[in-house]
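**Q** dropping a prediction and its sequence here:
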Amino acid sequence: MTVPSPQPSVIQSAKKLVLKVGSSLVTNEGKGIDIDAVSRWAAQIAQLRAQGRQIVLVSSGAIAEGMARLGWPRRPSAMYELQAAAAVGQMGLVQAYEAAFTHHGIRTAQILLTHEDLADRRRYLNARSTLYTLLALGVVPIVNENDTVVTNEIRVGDNDTLGALVTNLIEADALVILTDQTGLYSADPRKHPDATFIHQGQAGDPALEAMAGGSGSAIGTGGMLTKVLAARRAANSGGHTVIASGHEANVLLRLAAGEPIGTELRAVLPVRSARQRWLANHLRLRGRVTLDAGAVRALTEAHRSLLAIGVVDVEGDFERGDVVACVDEHGVECGRGLINYSAADTARILRRPSSQIADILGHMSDQELMHRDNMVFARRRPTAAPQ
């Protein structure tokens, strides 16, 4: 049992929440949907809505339900089998939530997303508009990754990350990640009994990311590291994150009352604009360009546009308008943005001043390889000690 943090939970003042519930909290240890558990989540969410809060629910469990319906004892590794399990299980998951929320007079909507939906600017804005409209109508959106169609190249990968992306998408005040663990420790408490519990920290703190690790359960896919990284991503829009045990009685209502439960990772980094968040949230980039030391300083310190003369290497097969990463000589990302030239053309003009681009290519669409208005830059992360 943890010692309460001296500060009230950030959830107390949050009006717009994204709630992520893990597979272990909605299934009977992988043996199908736990109807009683789903009913308890619906009852708590109904009470939060009665307090005037808007809730988006990101729920795992479709693949686990599909496994149970198909009689599979272990999670398959083949993509086509995972897609089949998701297709079968999504029916049961949605039915369970629909029945549970109907009992409270609340309408629900199913939203299935892939990384492609969030990487394409128009589809990103359409998803955003749909979620805002549903919330305004008093509907609880239930979000999951569209596992029936995703491939490794276009998938988000886990619902912790998806929860953070949705937090950015709707500019939620907070992300609550409920799991079968009590929160973040300085080390794995199963292996290190003297591990210290982290009550509160800052999202994006490298020290916390170093502490997190380990794999998830046999049913789910996310470990503690994915949750800590999700908190960093949620902070892009100013969203705080709470990682807590879903086995705590009435955990959502107690958090909303201000009770400090679990690990709270506060957003202290500068909030990015909607366009910057869209660029930052590309999980699958088309390529990358390696910069010399001067160009790295221009990006990280002055936030200037990227010129071809500062590029020393090109990787990937990208076209004009694709999102490409800018990295230093060690491969560390210092920025990313919409590139103005294809990979082939970039390779021809690297290390050359802008005045020579037209002579080399026979045309010059832009003086900059990436314009600062179409870029998001790496930023310093806090290093304050966790509490």
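**A** All right, it came through fine.

**Q** return the distance of T114 relative to P141.
**A** 16 Å (Cβ to Cβ, to the nearest Å). For the C-beta atoms, the positions are set from N, CA and C on the backbone; glycine is no exception.

**Q** which parts of the stretch 101-250 of the chain are strands?
**A** 108-113, 140-145, 174-179, 200-202, 240-245 (DSSP state E, counting those that start in this stretch).

**Q** where in this protein is pLDDT low?
**A** 1-6, 30, 148-157, 213-222, 269-271, 274, 283, 379-387 (pLDDT under 70).

**Q** domains for it, by residue range?
**A** 10-276, 285-374 (automatic domain parsing).

**Q** for L229, give me its contacts.
**A** 160-161, 209, 212 (Cβ atoms under 8 Å, 6 or more residues apart in numbering).

**Q** which of these has the most neighbours?
**A** Greatest neighbour count in the contacts of L229, by other Cβ atoms under 10 Å, goes to D160: 33 neighbours.

**Q** distance of that residue from T226?
**A** D160 is 4 Å from T226, by Cβ to Cβ.

**Q** what's the answer for R304, then?
**A** Taken as Cβ to Cβ, the span from R304 to T226 is 33 Å.

**Q** equivalent analysis for K191, please.
**A** Taking Cβ to Cβ, one finds K191 at 19 Å from T226.

**Q** neighbour count winner among the two?
**A** T226 (21 against 8).

**Q** quick revisit: between the contacts of L229, which sits nearest D317?
**A** T161 (25.1 Å; Cβ to Cβ).

**Q** so what's T161 closest to, chain neighbours aside?
**A** The shortest distance from T161 to any non-neighbouring residue, by Cβ to Cβ, 6 or more residues apart in numbering, is to A230 (5.5 Å).

**Q** got a list of what that neighbour touches?
**A** Applying Cβ under 8 Å, 6+ apart, the residues contacting A230 are 160-161, 163-164, 175, 177, 241.

**Q** pick the one among these closest to I349.
**A** T161 (35.2 Å).

**Q** contact partners for that closest one?
**A** Here T161 is in contact with 226, 229-230, 233, 283 (Cβ under 8 Å, 6+ apart).

**Q** pretty sure A234 is touching I243, no?
**A** No. With contact defined as Cβ atoms under 8 Å, A234 does not reach I243; the gap is 11.1 Å.

**Q** which ones are touching N340?
**A** 320, 365-366, 368-371.

**Q** now with 7 Å, please.
**A** 320, 365-366, 368-370 (Cβ atoms under 7 Å, 6 or more residues apart in numbering).

**Q** any idea how far R49 is from T102?
**A** 14 Å.

**Q** of these two, give the one with the bigger neighbour count.
**A** R49 (16 against 12).

**Q** can you tell me the closest non-neighbouring residue to the more buried one?
**A** I55 (6.3 Å).

**Q** next: N281.
**A** L165 (5.6 Å).

**Q** was I right about the one you found contacting D117?
**A** No. Look at L165 against D117 with Cβ atoms under 7 Å: they stay out of range, at 9.8 Å.

**Q** how about the strands of the stretch 101-250 of the chain, which one is nearest Q12?
**A** strand 174-179 (9.8 Å).

**Q** direction included, what does the closest one pair against?
**A** strand 16-21 (parallel), strand 240-245 (parallel) (DSSP bridges).

**Q** with distance to E315 as added columns, please give those strands in JSON lines.
**A** Formatted as JSON lines, the strands paired with strand 174-179 follow (distance: least, Cβ to Cβ, whole Å):
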{"stretch": "strand 16-21", "distance to E315": "33"}
{"stretch": "strand 240-245", "distance to E315": "33"}
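
**Q** contacts only, for Q367.
**A** S354.

**Q** pull the number of nearby residues for the nearest residue to L338 once chain neighbours are set aside.
**A** Leaving out its chain neighbours, the residue that sits closest to L338 by Cβ to Cβ, 6+ apart is N374, at 4.1 Å. By other Cβ under 10 Å, 19 other residues sit near N374.

**Q** which other residues reach the helix or strand hosting I357?
**A** Assessed by DSSP states H and E, I357 sits inside helix 357-361. Residues outside helix 357-361 that contact it (Cβ under 7 Å, 6+ apart): 308, 345, 348-349, 352, 364.

**Q** picking that back up, bridging residues for the residue nearest to R49?
**A** Under the criterion used (DSSP bridges), I55 bridges to L17.

**Q** now the helices: where do they sit in the stretch 201-350 of the chain?
**A** 206-211, 224-234, 251-256, 274-280, 293-300, 343-349 (DSSP state H, counting those that start in this stretch).

**Q** an error on my part: the question was meant for the stretch 51-200 of the chain.
**A** 62-70, 79-102, 115-119, 121-136, 159-170.

**Q** mind listing what's buried in the second one?
**A** Think helix 79-102. 81-86, 88-90, 92-94, 96-98, 100-101 (16 or more other Cβ atoms under 10 Å).
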